[in-house]
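>>> give me a model of this one.
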Amino acid sequence: MTHESIFLILIALVVALIAMSIVTVRQGNVAVITIFGKFKRVMHPGLNFRIPIIEFVYKKISYQNRSMELKFQAISQDQANVYFTAMLLYAMLNTEEKSIKNVAFKFVDERAFLQALIRSVEGAVRAFVATKRQAEILLLRSEIVSHVNEQLDKILEEWGYHLLDLQINDINFDEDILKSMSRVVVANNMKAAAENEGQALLITKTKVAEAEGNAIRIAANAERTAAQMRGQGVALFREEVAKGMANAARDLEQANLNASFILFSMWTDAIKHFAEVGKGNTIFLDGSSNNYSRTMQQLMSTMQGFGPTTEGELPTPEAPAAPEA
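You can find the predicted model right below:
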């Protein structure tokens, strides 16, 4: 073997050693370095170097956010099956050496960690749901997330991870339960509608009753006012009639005429009024002299200043009484 061959071999070995010592770590990842199986150090993103043959890259770990979709079942306090669909968002706690060592060495592989994480989340959710009734669960999404975070924060910190978010995307029940819940919702809506209709009807009837009462009160006041005015009119009419009759009697007395002339005029005026307002109705009057005399007597009995008469004779005015001394 020539010196040139030995030189080429040495150059090849040096290049190989240099190539073996270069380690490139992608952004968002770190590399765990071990020496004979024991943790040595952490390589960060970029170009790194290691001692060939002695230092080995045990694992490259990503500290980027990772997501996972979960589907599992829980049982409520009243023995109803509840089906959850959730989205789990988690990441490595930080890039400190302690957290990286926990992530690298706590579990055999990624599959074992995911299994533990999923079962832990499911267990926390089931423990919470077991204390609630089915009617309450739909309203407790945020409470479920808070409970899971409280239960898993310390555990995941020991594993080198942190639970960023748990979103409960869907909560379902068995078909029979969904149908019964739908019937309950329909019944509650019908009950609310009936109560609203009853309140509306009550308000309507109350307003109608108030309006009717006001109308009756207004009508009564108007009728009372009208009756008062009619009474006042009748009283004024009678007063005027009395004044007219008194004046006529006084004039007749001064003219030495018989008062029956006034009664005869009143009688004829009455018959005329009957004919005008009778509207074609037939009115029967007794025109005999006896009936005329009897009618005159009845009319004269309403007038003061005239004495009683015998049947068949017209009344005559009494002589005025002599004045007292």
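>>> quick one: the strands in the stretch 51-200 of the chain?
Assignment of strands within the stretch 51-200 of the chain using DSSP state E, counting those that start in this stretch yields the ranges 55-62, 66-75, 81-92, 161-173.
>>> got the ones you listed as a markdown table, with mean neighbour count columns?
All C-beta spots, glycine's among them, are computed from the backbone N, C-alpha and C. Shown next, in a markdown table, are the strands of the stretch 51-200 of the chain (neighbours: other Cβ atoms under 10 Å):
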| stretch | mean neighbour count |
| --- | --- |
| strand 55-62 | 16 |
| strand 66-75 | 14 |
| strand 81-92 | 17 |
| strand 161-173 | 16 |
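>>> let me have those in TSV, extended by distance to Phe274.
What follows is these, written out as TSV (distance: least, Cβ to Cβ, whole Å):
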stretch	distance to Phe274
strand 55-62	122
strand 66-75	101
strand 81-92	97
strand 161-173	92
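>>> dump those into a markdown table; add distance to Thr24 and mean pLDDT as well.
Shown next, in a markdown table, are the strands of the stretch 51-200 of the chain (distance: least, Cβ to Cβ, whole Å; pLDDT from 0 to 100):
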| stretch | distance to Thr24 | mean pLDDT |
| --- | --- | --- |
| strand 55-62 | 10 | 90 |
| strand 66-75 | 22 | 90 |
| strand 81-92 | 20 | 90 |
| strand 161-173 | 25 | 87 |
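>>> residues near Glu195, how many?
For Glu195, the neighbour count with other Cβ atoms under 10 Å is 10.
>>> do the same with Ala220
For Ala220, the number of neighbouring residues by other Cβ under 10 Å comes to 10.
>>> before we move on, what about Glu240?
Glu240: 10 surrounding residues under other Cβ under 10 Å.
>>> kindly report the same for the one 5 residues further on.
Residue crowding around Met245 was assessed by other Cβ under 10 Å; the count is 17.
>>> are we agreed that it is in a strand?
No: counting by DSSP: H, G, I helix; E, B strand; the rest coil, Met245 falls outside a strand, being helix.
>>> just to revisit the earlier point, tell me which of the strands of the stretch 51-200 of the chain sits nearest to Ile203.
Nearest to Ile203, of all those, is strand 161-173, at 39.8 Å by Cβ to Cβ.
>>> that closest one packs against which elements?
Secondary-structure packing of strand 161-173 (3 or more Cβ pairs under 8 Å, 6 or more residues apart in numbering; DSSP states H and E): strand 81-92, helix 110-129, helix 141-159.
>>> the shortest one vs helix 110-129, what angle?
If you take axes from the mean of the first three to the mean of the last three Cα atoms, to 10 degrees, strand 81-92 sits at 130 degrees to helix 110-129.
>>> mind listing the strands strand 81-92 pairs with, and their directions?
With DSSP bridges as the test, strand 81-92 is paired with strand 66-75 (antiparallel), strand 161-173 (antiparallel).
>>> okay, angle between the longest one and helix 141-159 too, please.
In terms of direction (the same axes, to 10 degrees), strand 161-173 departs from helix 141-159 by 150 degrees.
>>> for the strands paired with strand 81-92, give me a markdown table that also has distance to Ile218.
Shown next, in a markdown table, are the strands paired with strand 81-92 (distance: least, Cβ to Cβ, whole Å):
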| stretch | distance to Ile218 |
| --- | --- |
| strand 66-75 | 69 |
| strand 161-173 | 62 |
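>>> out of those strands, flag the one nearest Thr85.
That would be, of those and by Cβ to Cβ, strand 161-173, which comes in at 3.9 Å.
>>> from the rest of the structure, what touches that closest one?
The contact list for strand 161-173 (Cβ atoms under 8 Å, 6 or more residues apart in numbering) reads 65, 80-93, 103, 113, 117, 121, 134, 137-138, 141, 144-145, 148-149, 152-153, 156, 178, 181.
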